[in-house]
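S.K.: Here's a sequence, model it:
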Amino acid sequence: MITQLRFYGQLTRELTMRSLRFLTATGYLLIAATTTPVLAQSWTDLYPPNANHGESPYVPEPEWLEPFSEPGFIWGSHPGLFVESPERIFVIQRGELHVPDPLPAGFDYFYGSVEGLSALSPPRGTIREMRNVIFVVNDEGKLIENWNQWDYLFEGTGGPHMIAISPYDPERRVWVVNSGRHQIHAFSNDGKELLMTLGIENETANDETHLGTPQDIAFLSDGSMVVADGLTNSRVIKFDEDGNYLSAWGSRGSAEGQFNAVHSIAADNQDRIYVADRNNDRIQVFGPNGRHLATWPELNFPNYILITENQDVWVSDNQPVRIIKFDTEGNRLFSWDAHGNKPGEFGELHEFGVDVNGNWYGADNVLGRSQKFVPMPGADPARLLQLPVPMAVK
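M.R.: Predicted structure coming up:
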């Protein structure tokens, strides 16, 4: 019960913070779960795009993922996915939700298909079962593996937050962020073993052994790891490949090197570290030992950072949902808007990845679905996500 109260307090604070950001001149409070076309337009007006903005060069496949829930249940919030290969795409969800009864008019295959319904914050009394939390599908959306033996790790929490595999790790350990427990778990690639856990269960502190609502993890070429730590803490913490503490930097604030909600982290092939400083509406860039290199301002709630093999830096901005391509110097090269609950749109694009065939996949934390996107015939390659960073050979 104490853990549940901690989570719900954390979730309430996060949703309240999001809501307050949407006070407009009309005096209305705009809630993230509301995804009508009118709201999408008002957000776009409130946050007009920068240079090099256009339309999506992809065809969405919104029903790509085949459901396998028991009768009466539906996908919960989808906070993350990771593309290891077209044959193995990891998806995480915050448990499953009971299908609303009575069924609202217009209700479709995903929870957020009806205005006012959010898989992240369903109505009070909605049954949420913490099951089928980690599973693996192929690029056709067919279930390959179900890691439900690990569901118990997330009982009493809000479920997992993000998922990653190091491109430098020949074992391809699977890292899953358990932010509600203040931990990050490393599983064997086949899901049979829990190999390592960073952080102390249900404890938070700003020291060498604890984490504070961690959000994401990234990897450097020497095998070391950097953790986005997090919402309770406001720092980046670096570990070696065996999970031993090396260093940390950052504190709460808005100056260079400070953070307010360290939500995502990524590294390029020069071991520069890119941090989504979400509530400060910016990306900060650091050297491998924490020296501040650059700040990219003028974002609006950046959630996730993906760096492709050719070193394009893709960011999912989220108020409104906007997908932005940068180079490593912070120049905006292209962007498009994707806010709403129609095919190809998101309530919150929380984590995404691309496969070797050029298709990309996005997890929706609010609407409760993951979508696949295929390049349009004749699309300009400069506007597409390029190949992913190659995975280490097993």
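
S.K.: Now do stretch 74-85: distance to the chain's middle.
M.R.: Per CA atoms, centre = their mean, to the nearest Å, the displacement of stretch 74-85 from the mean C-alpha position of its chain is 9 Å.

S.K.: Could you find the closest non-adjacent residue to residue 324?
M.R.: residue 335 (4.2 Å; CB to CB, 6 or more residues apart in numbering). C-beta coordinates here come from the backbone N, C-alpha and C atoms, glycine included.

S.K.: is it true that that neighbour touches residue 322?
M.R.: Yes - contact between residue 335 and residue 322 holds when scored by CB atoms under 8 Å: they sit 5.7 Å apart.

S.K.: Please say which of these two ends up with more neighbours.
M.R.: residue 322 (25 against 22; other CB atoms under 10 Å).

S.K.: Would you mind naming the helix or strand containing the more buried one?
M.R.: Assigned by DSSP states H and E, residue 322 falls within strand 321-326.

S.K.: helices and strands around that strand, which ones?
M.R.: strand 313-318, strand 332-337 (3 or more CB pairs under 8 Å, 6 or more residues apart in numbering; DSSP states H and E).

S.K.: Might one say that residue 268 is in contact with residue 328?
M.R.: Yes - contact between residue 268 and residue 328 holds when scored by CB under 8 Å: they sit 5.9 Å apart.

S.K.: got any residues that touch both of the two?
M.R.: Taking CB atoms under 8 Å, 6 or more residues apart in numbering as the contact criterion, the residues that touch both residue 268 and residue 328 are 311, 313.

S.K.: higher neighbour count, these two?
M.R.: Here residue 268 and residue 328 are compared on neighbour count by other CB under 10 Å; more neighbours surround residue 268, at 19 against 16.

S.K.: neighbours around the closest residue to residue 259 other than its chain neighbours, how many?
M.R.: Once its chain neighbours are removed from consideration, residue 259 has its nearest residue in residue 234; the separation is 4.4 Å (CB to CB, 6+ apart). One way to gauge burial is a neighbour count; for residue 234, by other CB under 10 Å, it gives 20.

S.K.: residues in contact with residue 234?
M.R.: For residue 234, the contact set (CB under 8 Å, 6+ apart) comprises 250, 251, 252, 253, 258, 259, 260, 261, 262.

S.K.: Was I right to think the first one contacts residue 258?
M.R.: Yes - under the criterion of CB under 8 Å, residue 250 lies in contact with residue 258, with a separation of 6.3 Å.

S.K.: Of the two, which one has the most company?
M.R.: Neighbours were tallied for residue 250 and for residue 258 using other CB under 10 Å; the higher tally belongs to residue 250 (23 against 17).

S.K.: OK, contacts around the closest residue to the more buried one other than its chain neighbours?
M.R.: Nearest residue to residue 250 in three dimensions, chain neighbours excluded: residue 235, at 3.7 Å (CB to CB, 6+ apart). The contact partners of residue 235, taken as CB under 8 Å, 6+ apart, are 206, 229, 248, 249, 250, 251, 259, 262.

S.K.: I'd like those written out as TSV, with distance to residue 136 added.
M.R.: Converted to TSV, those look like this (distance: CB to CB, whole Å):
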residue	distance to residue 136
206	35
229	27
248	33
249	35
250	34
251	38
259	32
262	28
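
S.K.: tell me, what's touching residue 335 and residue 322 both at once?
M.R.: What both residue 335 and residue 322 touch, as defined by CB under 8 Å, 6+ apart, is the set residue 49.

S.K.: Look up how far residue 329 lies from residue 228.
M.R.: Between residue 228 and residue 329 the computed distance is 22 Å (CB to CB, to the nearest Å).

S.K.: These two: who's more crowded?
M.R.: residue 228 (34 against 9).

S.K.: roughly how far apart are the more buried one and residue 64?
M.R.: 28 Å.

S.K.: Kindly report the same for residue 110.
M.R.: Relative to residue 64, residue 110 is positioned 12 Å away (CB to CB).

S.K.: More neighbours: which of the two?
M.R.: The residue with more neighbours, out of residue 110 and residue 64 and counting by other CB under 10 Å, is residue 110; that gives 24 against 20.

S.K.: Tell me if residue 373 really is in a strand.
M.R.: Yes - applying DSSP: H, G, I helix; E, B strand; the rest coil, one finds residue 373 inside a strand.

S.K.: who's it bridged to?
M.R.: Residue 373 has the following beta-bridge partners by DSSP bridges: residue 60, residue 360.

S.K.: Neighbours of it, how many?
M.R.: Residue neighbour count, defined by other CB under 10 Å, stands at 25 for residue 373.

S.K.: List the residues that contact it.
M.R.: Applying CB under 8 Å, 6+ apart, one finds that residue 373 lies in contact with 56, 58, 59, 60, 61, 344, 359, 360, 361, 362.

S.K.: just the strands in the stretch 201-350 of the chain please.
M.R.: Remark: strands of the stretch 201-350 of the chain, listed N- to C-terminal, are 216-219, 225-229, 235-239, 245-249, 262-267, 273-277, 282-286, 292-296, 304-307, 313-318, 321-326, 332-337, 349-354; assignment by DSSP state E, counting those that start in this stretch.
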